[in-house]
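3D, please:
(3 chains)
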Amino acid sequence: MATKRKPYIREVNAGWWKKLPFYRDYMLREGTSVFAVWVSVVLLVALLSPDTFMSLVKNPLVIILNLAAFLASLLHTKTWYALVPKILNLPEAILKRLVQTLWGLTIGVSVVVLALAAASY
Amino acid sequence: MADTKTMTIKISRYNPEKDGEPHLELYTIPWSEKTVLLDALQYIKDNLSPDLSFRSSCRMTICGSCGVMINGVPKLACKAPLREYQEGLTVEPLANFPIERDLVVDLTHFMEYIQALKPYILGNIRRPSDGPNKQTPEEIAKYHKYSMCINCGLCYAACPQFGLNPKFLGPAAITLGRRYNLDSRDKGKSERMEKINSENGVWGCTLVGYCSEVCPKHVDPAAALQQCKVDSALEFAASVLNCKKKEASHGNKA
Amino acid sequence: MHTITVDVAIVGAGGAGIRAAIEAARQLPGSEVALLSKVYPMRSHTVAAEGGAAAAWQDIDSNDLHFNDTVSGGDWLCEQDVVEYFVAHCREEMIQLEQWGCPWSRKPDGSINVRNFGGMKVPRTLFAADKTGFHMLHTLFQTSLKFPEIRRLDEFFVLDLLVDDGRVAGLVAMNMLEGELVQVRAGAVVMATGGAARVYRYNTNAVIVTGEGMGIAYRHGVALRDMEFMQYHPTGLPGTGILITEASRGEGGVMLNKNGYRYLQDYGLGPETPVGHPKPKFMELGPRDKVSQAFWHEARKGNMVRTPDGDVAMLDVRHLGREKILERLPFIRELSMFYAGVDPIDKPIPVRPTTHYTMGGIATDQNCETSIKGLFAAGECSSVGLHGANRLGSNSLAEIVVFGKVAGEHAAARAREAAQPNASLLDAQAGDVEAWFNGLLSRKGKEKWATIRDEMGLSMEDGCGIYRSAELLQATIDKLAELKERVKNVGVGPQSEVFNTDVLSLIEIENGLEIAEAMAHSAIHRRESRGAHQRLDEGCTQRDDENFLRHSLAYYNKDAAPRIEYGPVKITKSQPAKRVYGAEGASQEKNSKEKGNG
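Next up is the predicted model:
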């Protein structure tokens, strides 16, 4: 017997992420990976040809890109640390302390690296 | 009703035997500070349009029947006060599910996915005559949050990956699997991991995280899925190591 | 019409239905057990139960004590052999649920915890915070997924039974999504469709609790027993009727009138117990009928708080402290905040009595079988004889598993011995159901089912409420008769048959009118006051064991008032005595103990 049903299926198109701010934030977070690729390329250049690298990083366009990459990595760090508690099934108090420790470490290590870099410059 | 405030809301209607696609209709309803969307839907069915179809049961946020999209966001109709939508209110059926009629969607796959994760105690041969298992409050705390899922499906409507691939087992089902994997009385984790590791299992999740945002019971399915990924990765690593070991012992023999 | 054949068909997938399905599946490996429900199993009303499930659990407790509380709580209208069976099997079923994964609240050592409940002498209510029904239902539903024998027919609305020569042979259901009738042939059928509090206007129940199972059995000549006993839960939220669990009082919450006075002490439940130290069977831990009746009197005296949603009492749990409220009553807090705008940590919750539980139901024997061979009933839709004239809180969550199992077991036995179905006879009966259903679809008229539903609900509140009288009841009976005429003029508009809840609502309301009639007529004939049935008219205000220590039996009488008959009450070891709580109850217990020892 023929069914009376005719389910209507709403297709999800490529622009789905534009619908909600939450989705846009997600795409932004995922988008930071593009800058990660960029930084890897730059570091690869440094490894293969240090001279090219030195001239490359002085290029204004590269400076802008690196600055953007820096901001992207900050954003990525922030979202990543926000997600850390989800991975661990631990009491909330411990998780809170853990995230604080992670931030402390990140800031601490960054400061040390920057200091070393400044000293060697 | 002493309160005479009225509001006009838009509701998606779809008659499968007549309509080519859903369309919005306008309804004007009385409301007060206490009115929730479910009251409004019932008011419309009672007074304006008896042929409006929607699901409802408990009206107190525990049965999971009345999930709908409100202005594009998945919500329980019984937990949505109209006073919060004075700027405008559009009600549509839960996203990512096929629409059967008006606000009613087809949940068949959702139910199958729940079953696929074997959400029951496995491998524990204790019988009632043996007395209850011991389980400390700390052991309960490990899985308790994940046992609070009401199967409302809001997380599936929030999940773009489920929208793109309807075969993805999805947040609620995998969370339920995780709930039993974490239960100290259960010994069925390896059976469930087969499903969790499968093609449409947990790796279909890209951690958009909106599922946890919309969950009306704060179950945090995104967390459960990430924990499943850790399990899955560890299991994969262990299997690789085992293979290496096996190869080595094989090589020795030859 | 599509036909499927199964061994056992179970109607309703709440706690009792699923427990029955699991048991039938265990008894009949490799068989087919159809589990039909008009909603997905997780939506069943069991999900909304909050407080807990009873079992003599601690060393200081015993089955006898549980028996005594239940029988006196039911004002001696219980089938005592049934109660004996019940109390002896609660513990086993609670352990079974635990082993199926139910997250019972525990003590620090990992053993299961219990809490106080109204009318219970000893703390014996197992709980999962304040979402016990939710956890029980989900545990049962999830466990049922393990059994390949169970064939779930979700969103199938059962319309009628098929009966062959006094023996059940199956049923006809509407597959709601397909908009198609289906004939289900089965060797046994279990009704587990829940109560019927939705025939009242203000109630704690889900909108689905409309009592079709009762109506279907009733129209097939099965008696509805003790239907005059409708439980008003003392603490529903005003307006919505949303349930605020008795566990709030079990944990130590107190009831206050507008002067902040604990009024229950004036109604046979005192003396006042210290705040924060609840004493079993005193004050707030009295049985539900007494506590609701006290509210009625206080409201008449003008001592309650006036609100736009009517008079309310105040349920104060503040002294429990934030931590205990969050641990034991988190859902209550959520509900109060959302639906009453009150955080119980800071303010008392406004509450009023609302209809909650149908003590009566489809009359069954102690195996849950009805007068139709092979037709069983379990849970709130049934009257196996457990609750008598008043149910004690936490006995019903235990009932659904204890008697769900019994029904499943005996239904399996009946299915085993079932004869080959008489296909042509069943097809003819199914054809009649189809003709009736098509008649509803094409019915024309100006009446609305919603209007009929609301008028029925208000009339039941007026005439069949906490206190009744012949005059009030007669007015309700007349109103119901009028509504039964008017409902014939409810039109169903042309529309898709896919998920047509318009016509199904009409069926629910037509059915509700039959049940409401059974309730009102049973009530007007019971010229005494017992348990939840209290009368104000002359000569009816006291319990009358001589004439009314009997079950009422309402029989369907097409197009006329139901026929009310009476049946005996089985008494085994508890002779009817004065039903007392508070100090008087304590001294009565002391006396009977001394007598017993002497």
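
tally of neighbours for B:Glu138?
When neighbours are defined as other C-beta atoms under 10 Å in any protein chain shown, B:Glu138 has 12 of them. C-betas here are computed from N, CA, C, even on glycine.

got any ranges where chain A has weak pLDDT?
A:1 (pLDDT under 70).

ramachandran angles for whichever residue of it sits closest to chain C?
Chain C sits closest to A:Lys4 of chain A, with a gap of 5.0 Å, by C-beta to the nearest C-beta. A:Lys4 adopts backbone torsions of phi -90, psi -10, taken as degrees, to the nearest 10.

tell me the domain boundaries of chain A?
A:17-74, A:88-121 (automatic domain parsing).

tell me which of those sits most buried.
domain A:17-74 (a mean of 13; mean count of other C-beta atoms under 10 Å in any protein chain shown).

pull up the distance across it, start to finish.
22 Å (C-alpha to C-alpha, to the nearest Å).

is chain B contacted by that domain?
Yes. Shown here: domain A:17-74 in contact with chain B (C-beta under 8 Å from any C-beta of the partner chain) through A:Trp17, A:Lys19, A:Leu20, A:Phe22, A:Tyr23, A:Tyr26, A:Glu30.

determine which two of those are furthest apart.
Longest distance between any two of the residues of domain A:17-74 next to chain B is 16.0 Å, between A:Lys19 and A:Glu30; criterion C-beta to C-beta.

B:Lys245 is nearest to which of the domains of chain A?
Going by C-beta to C-beta, the one of the domains of chain A nearest B:Lys245 is domain A:88-121, 29.0 Å.

hmm, the closest one touching chain B?
Yes. Judged by C-beta under 8 Å from any C-beta, domain A:88-121 comes into contact with chain B at A:Leu88, A:Asn89, A:Pro91.

what of stretch C:352-366?
No. Figure legend: stretch C:352-366 not in contact with chain B (C-beta under 8 Å from any C-beta); closest approach 12.7 Å.

give me the mean pLDDT for that stretch.
Averaging pLDDT along stretch C:352-366 gives 98.

now do the same end-to-end measure for it.
Span of stretch C:352-366 from end to end, C-alpha to C-alpha: 35 Å.

could I get the domains of chain A in a markdown table, plus columns for distance to C:Asp160?
Shown next, in a markdown table, are the domains of chain A (distance: least, C-beta to C-beta, whole Å):
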| stretch | distance to C:Asp160 |
| --- | --- |
| domain A:17-74 | 47 |
| domain A:88-121 | 50 |
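
what segments of the stretch 1-150 of chain B are helices?
B:37-43, B:108-116, B:137-144 (DSSP state H, counting those that start in this stretch).

out of these, deepest packed?
Highest mean neighbour count among these (mean count of other C-beta under 10 Å): helix B:37-43, a mean of 22.

right, and the helix or strand after the longest helix along chain C?
Assignment by DSSP state H gives helix C:501-525 as the longest helix of chain C. Helices and strands here follow DSSP states H and E; after helix C:501-525, the next one along the chain is strand C:534-535.

show me the residue sitting in the middle of chain A in space.
Compute the mean C-alpha point of chain A, and by C-alpha atoms, centre = their mean the closest residue is A:His76, 2.8 Å away.

list the contacts of the residue nearest to that residue when sequence neighbours are not counted.
Distances taken as C-beta to C-beta, 6 or more residues apart in numbering or on different chains place A:Thr32 nearest to A:His76, at 4.2 Å, with adjacent residues excluded. Counting by C-beta atoms under 8 Å, 6 or more residues apart in numbering or on different chains, A:Thr32 makes contact with A:Ala72, A:Ser73, A:Leu75, A:His76.

can you put those in CSV and add distance to B:Phe54?
Below are the contacts of A:Thr32 laid out as CSV (distance: C-beta to C-beta, whole Å):
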residue, distance to B:Phe54
A:Ala72, 44
A:Ser73, 47
A:Leu75, 40
A:His76, 42
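
what is the nearest of the residues you listed to chain B?
Distances from chain B to the contacts of A:Thr32, taken by C-beta to the nearest C-beta, are shortest for A:His76, at 12.7 Å.

C:Glu84 against C:Phe67, yeah?
Yes. Counting by C-beta atoms under 8 Å, C:Glu84 does reach C:Phe67; the two are 6.2 Å apart.

which neighbours do these two have in common?
By C-beta under 8 Å, 6+ apart, the residues touching both C:Glu84 and C:Phe67 are C:Lys573.

what's the local residue count around whatever residue of the stretch 1-150 of chain B ends up closest to chain A?
Nearest to chain A in the stretch 1-150 of chain B, going by C-beta to the nearest C-beta, is B:Pro98, at a distance of 3.6 Å. Residues lying near B:Pro98 (other C-beta under 10 Å) number 17.

please report how far it lies from B:Asn47.
29 Å (C-beta to C-beta, to the nearest Å).

just C:Gly133 next, same as before
From C:Gly133 to B:Asn47 the distance is 32 Å (C-beta to C-beta).

next one: C:Asn257
From C:Asn257 over to B:Asn47 (counting by C-beta to C-beta), the distance is 37 Å.

first-to-last residue distance for stretch C:245-259?
23 Å.

and it, what's buried?
Within stretch C:245-259, the residues that qualify as buried are C:245-258, counting by 16 or more other C-beta atoms under 10 Å in any protein chain shown.

same question, stretch C:28-36
Result for stretch C:28-36 [16+ other C-beta under 10 Å]: buried residues C:Leu28, C:Ser31, C:Glu32, C:Val33, C:Ala34, C:Leu35, C:Leu36.

just stretch C:275-293 next, same as before
For stretch C:275-293, by 16+ other C-beta under 10 Å, it's C:278, C:280-293.

and chain A, which of those contact it?
Counting by C-beta under 8 Å from any C-beta, no member of the buried residues of stretch C:275-293 is near chain A.

wait, the residue of the stretch 1-150 of chain B closest to chain A touches B:His109, no?
No. Taking contacts as C-beta under 8 Å, B:Pro98 lies outside contact range of B:His109: 9.1 Å.

thought the residue of chain A closest to chain C was touching C:Val498?
Yes. If you go by C-beta under 8 Å, A:Lys4 and C:Val498 touch, sitting 5.3 Å apart.

so what sits against both of the two?
Joint contacts of A:Lys4 and C:Val498 (C-beta under 8 Å, 6+ apart) are B:Pro16, B:Glu17, C:Glu178, C:Gly179.

list the contacts of C:Tyr218.
C:Leu224, C:Ile362, C:Glu514, C:Ile515, C:Ala518, C:Ala554, C:Tyr556.

tell me the pLDDT of it.
Value for C:Tyr218, per-residue pLDDT: 98.

swap in the one 3 residues further on?
The predicted local distance difference test score for C:Gly221 is 98.

how close does it get to C:Asp165?
Taking C-beta to C-beta, one finds C:Gly221 at 13 Å from C:Asp165.

who's more crowded, those two?
C:Gly221 (13 against 9).

and the residue lying closest to that one once chain neighbours are set aside, how far from C:Glu517?
Closest residue to C:Gly221 apart from its sequence neighbours, by C-beta to C-beta, 6+ apart: C:Tyr556 at 6.5 Å. Per C-beta to C-beta, C:Tyr556 is found 9 Å from C:Glu517.

more neighbours, these two?
C:Glu517 (27 against 19).

is it true that the more buried one touches C:Ile477?
Yes. Contact criterion C-beta under 8 Å: C:Glu517 and C:Ile477 qualify, at 7.3 Å.

spell out which residues are contacts of both of these two.
Joint contacts of C:Glu517 and C:Ile477 (C-beta under 8 Å, 6+ apart) are C:Ala561.

hmm, C:Glu246 is touching C:Ala49, no?
No. Assessed by C-beta under 8 Å, C:Glu246 is found out of contact with C:Ala49, at 10.6 Å.

export the contacts of C:Tyr218 as JSON lines, with columns for distance to C:Val71.
Shown next, in JSON lines, are these (distance: C-beta to C-beta, whole Å):
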{"residue": "C:Leu224", "distance to C:Val71": "22"}
{"residue": "C:Ile362", "distance to C:Val71": "22"}
{"residue": "C:Glu514", "distance to C:Val71": "30"}
{"residue": "C:Ile515", "distance to C:Val71": "26"}
{"residue": "C:Ala518", "distance to C:Val71": "25"}
{"residue": "C:Ala554", "distance to C:Val71": "23"}
{"residue": "C:Tyr556", "distance to C:Val71": "30"}
